[in-house]
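> model this:
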Amino acid sequence: MQEAEFRQLWSTNQNPDDMGFLALVREDLRTHEGLTAQGFWALFANRLGNWRMGIRWSLLRFPFSLLYKALAVWVHWTTRIELPYIAPCGRRVRIWHHGGCVLGARHIGDDVQIRHNVTLGLANHNDPIHAIPTIEERVILGAGCVVVGAITVGHDSVVAANAVVTQDVPPHTLVGGIPARVLKRLDEPAEPEPFPDLDPTPERVLAVVVNYQTTEVAKRCLASLAREKAAVPNLEVVVVENASGDDSAALLHEELERLGISSWARVVESETNLGFAGGNNLALRSALEGESPHDAYLLVNPDVELYGGALHEMLQVQAREPRASLVGPATELRRGTLAPNAFRYPCVMNAFSGGIQLGIVHRLLAKWDPRLPPQPHDHETDWISGGCMLIRHSVLEEVGLFDEEFFLYFEEVDLCRRARASGHACWYAHKARIYHEAGAATGMGHERRRAKRMPKWWFRSRRHYLKKHHGVLYLASCDLAFLMGRLTKRLIQLLTLRRTEDPERFLSDFTRHALLPSREG
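Below is the predicted model:
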């Protein structure tokens, strides 16, 4: 972000979008466990300073500006905490205060914990380019630590007490020392759990990994597939290098050699970026044309790590359930926390609900909600994510490969729908578990702040899916329902002085793709 853009944000309300001012204050009060917590009052002043910037008319804003300035001075004098409104804070930020804090930041994410005597940024916190850092979600800042410069402290990381941080902190790490360095990875068990003692399965399985500029995260994926070989001895792996335009192919070959799996894993290079559907089809088409077909195909994103025995369990579900031709595992987007991986098909009702995104509407339309909460048992569902999907050979024989009109997004929804129409079923395997570093493969994950423009592939794929399976009139109905919901949400945001969290130009892009599909691009 350039300095001019950064300074422009100071004239807007940068409080979290999903709660009003009073609801935020109540949540902050619960987080700090009472009015006597000094950190609560520092955060209250910060919230007030941001809220008043959402008042459009300067005359109405003026008295609240006076109140904010007086409160900020009082907080600084009584608590020795300096937290200006230009350091926007996410939800459930906890300031454990027992001494002075100087907290200048471009952004402090959700669930951040700040211990006493923490310093963020240089003395001049008004220098947005060279002085102040970004603190992502779920970071713990130890007592007396100093974080300086326009750097990022990655999500789910810990800065040790008295550390001096002068460069980016990777997500899921513990850093300490002067200057700080990475002491430990927090997303990897200190002692890897032993692979479960499982009876080997006889099925021949081909795992397909499509890589596009994700070589580093793909290494962890390949290591997890290498472990599955003990329980699925007839496992093979194909990595499709999807024209990354760098040295990914050579690095992937080296990784296969390092893991000792090059005898049953190989890299296939594509001349062009074929997208998710085309990249998978490249490997699947070759396998289906082979003399000895596989029993099943595991499609797995490069940013996915299989926990021990996950593939074995998905195969067991297919063995127990004759119709379970497509199986997806329980999925963690954060370590230890399950996220939905069983879904309902897109329809008019959840298009409206997804557009307005209001709790009361979601509750009224709950039976159409596209995301099913994770269940503690195996069950059938409409569709499962293509991030990790086990497909029987018979499915691809009967319904064909992915529709390559879907470059990215909706391709697995289409395949699941075609499979179900042919008598197959999609199943959720609750005992099979994976960790999915969502967004590492697409660059759209783990980011609380407002996203860049939604890629045109999403609009194109959504349109193609609805038109293909429901026709033009139903597509128009879904577009209209979504736009009605989203315009209602925007009106509510305007009346309650909240800013939108949509990707840049999302509403205009959605409208353009809906009304002028021939001019997409």
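> could you pull out the strands for the stretch 301-450 of the chain?
Secondary structure of the stretch 301-450 of the chain (DSSP state E, counting those that start in this stretch): strands at 304-306, 324-334, 337-339, 342-343, 371-372, 379-381, 388-392, 425-436.
> gap between the two ends of stretch 87-96?
Using Cα to Cα, to the nearest Å, the gap from the first to the last residue of stretch 87-96 comes to 17 Å.
> lowest-pLDDT helix or strand in this protein?
helix 3-9 (a mean of 59; mean pLDDT, DSSP states H and E).
> which of the residues in stretch 345-365 are buried?
Neighbour-count burial for stretch 345-365 flags 345-357, 361, 365 (criterion: 16 or more other Cβ atoms under 10 Å). Using the backbone N, CA and C atoms, a C-beta is placed for each residue, glycine as well.
> can you put the strands of the stretch 301-450 of the chain in CSV and add mean pLDDT, distance to residue 318 and mean neighbour count?
Shown next, in CSV, are these (pLDDT from 0 to 100; distance: least, Cβ to Cβ, whole Å; neighbours: other Cβ atoms under 10 Å):
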stretch, mean pLDDT, distance to residue 318, mean neighbour count
strand 304-306, 95, 16, 25
strand 324-334, 94, 5, 24
strand 337-339, 89, 21, 13
strand 342-343, 96, 16, 23
strand 371-372, 91, 20, 14
strand 379-381, 97, 13, 16
strand 388-392, 97, 7, 26
strand 425-436, 96, 8, 22
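> can you tell which of those strands is closest to residue 485?
Closest approach to residue 485 among the strands of the stretch 301-450 of the chain is made by strand 371-372 (16.3 Å; Cβ to Cβ).
> can you list contacts of the closest one?
With Cβ atoms under 8 Å, 6 or more residues apart in numbering as the test, strand 371-372 has contacts from 340, 342, 343, 344, 381, 428.
> who touches the fifth one in this structure?
Under the criterion of Cβ under 8 Å, 6+ apart, the contact partners of residue 381 comprise 342, 343, 344, 372, 426, 427, 428.
> circling back to that earlier point, ok, which of the strands of the stretch 301-450 of the chain comes nearest residue 222?
Residue 222 lies closest, by Cβ to Cβ, to one member of the strands of the stretch 301-450 of the chain: strand 304-306, at 9.8 Å.
> which residues are contacting that closest one?
Counting by Cβ under 8 Å, 6+ apart, 220-221, 223-225, 227-228, 300, 329, 387-388, 434-437 sit against strand 304-306.
> please apply the same query to stretch 459-478.
346-348, 351, 403, 405-411, 413-414, 417, 509-510, 513-514, 517, 520.
> from these, list the buried ones, please.
So, by 16+ other Cβ under 10 Å, the buried ones in those are 346-348, 351, 403, 406-411, 413-414, 417, 509-510, 513-514.
> which one of the contacts of residue 381 is nearest to residue 199?
residue 427 (21.0 Å).
> quick check: the closest one touching residue 329?
No. Counting by Cβ atoms under 8 Å, residue 329 is not a contact partner of residue 427; they are 10.3 Å apart.
> anything in contact with each of those two?
Counting by Cβ under 8 Å, 6+ apart, nothing touches both residue 427 and residue 329.
> burial check on residue 212, number of neighbours?
Residue 212 has 23 neighbours, counted by other Cβ atoms under 10 Å.
> let me fix that, I meant to ask about residue 286.
When neighbours are counted by other Cβ under 10 Å, residue 286 registers 12.
> do residue 511 as well
What residue 511 shows, counting by other Cβ under 10 Å, is a neighbour count of 14.
> so it is in which element?
helix 506-515 (DSSP states H and E).
> report all helices and strands that that helix contacts.
helix 456-470, helix 472-495 (3 or more Cβ pairs under 8 Å, 6 or more residues apart in numbering; DSSP states H and E).
> return the distance of that helix from the chain's centre.
Offset of helix 506-515 from its chain centre (Cα atoms, centre = their mean, to the nearest Å): 23 Å.
> and which of the contacts of strand 371-372 is nearest residue 92?
Using Cβ to Cβ, the contacts of strand 371-372 come closest to residue 92 at residue 340, 21.9 Å.
> need the contact list for that closest one.
331, 371, 372, 373, 374 are the contacts of residue 340 under Cβ under 8 Å, 6+ apart.
> quick one: contacts for the last one?
Contacts of residue 374 were listed using Cβ under 8 Å, 6+ apart, and they are 330, 338, 339, 340, 341, 342, 430.
> can you lay out those residues as a markdown table showing distance to residue 396?
Output for the contacts of residue 374, formatted as a markdown table (distance: Cβ to Cβ, whole Å):
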| residue | distance to residue 396 |
| --- | --- |
| 330 | 24 |
| 338 | 29 |
| 339 | 27 |
| 340 | 26 |
| 341 | 21 |
| 342 | 22 |
| 430 | 25 |
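> can you tell me the closest non-neighbouring residue to residue 71?
Leaving aside its chain neighbours, residue 71 sits nearest to residue 45 (4.6 Å; criterion: Cβ to Cβ, 6 or more residues apart in numbering).
> so what's the residue count around that neighbour?
25.
> just the one 3 residues further on next, same as before
Residue neighbour count, defined by other Cβ under 10 Å, stands at 20 for residue 48.
> how close does it get to residue 111?
21 Å (Cβ to Cβ, to the nearest Å).
> next: residue 415.
36 Å.
> for these two, indicate the residue with more neighbours.
Taking other Cβ under 10 Å, residue 415 and residue 111 do not tie; residue 415 has more neighbours (27 against 16).
> pretty sure the more buried one sits against residue 406.
No. Using Cβ under 8 Å, residue 415 makes no contact with residue 406, being 9.2 Å away.
> just the contacts of strand 304-306 now: which is nearest residue 84?
Distances from residue 84 to the contacts of strand 304-306, taken by Cβ to Cβ, are shortest for residue 437, at 33.2 Å.
> in this structure the closest one contacts residue 217, no?
Yes. If you go by Cβ under 8 Å, residue 437 and residue 217 touch, sitting 6.1 Å apart.
> apart from its chain neighbours, what residue comes closest to residue 255?
Nearest one to residue 255, counting by Cβ to Cβ, 6+ apart, is residue 219 at 5.2 Å.
> how close does the most far-flung residue of the chain relative to its centre sit to residue 65?
Farthest-out residue of the chain from its mean C-alpha position, per Cα atoms, centre = their mean: residue 59, at 40.7 Å. Separation of residue 59 from residue 65 (Cβ to Cβ) stands at 11 Å.
> for residue 17, same thing?
For residue 17, the distance to residue 65 - Cβ to Cβ - is 22 Å.
> how about residue 473?
The gap separating residue 473 from residue 65 is 52 Å, by Cβ to Cβ.
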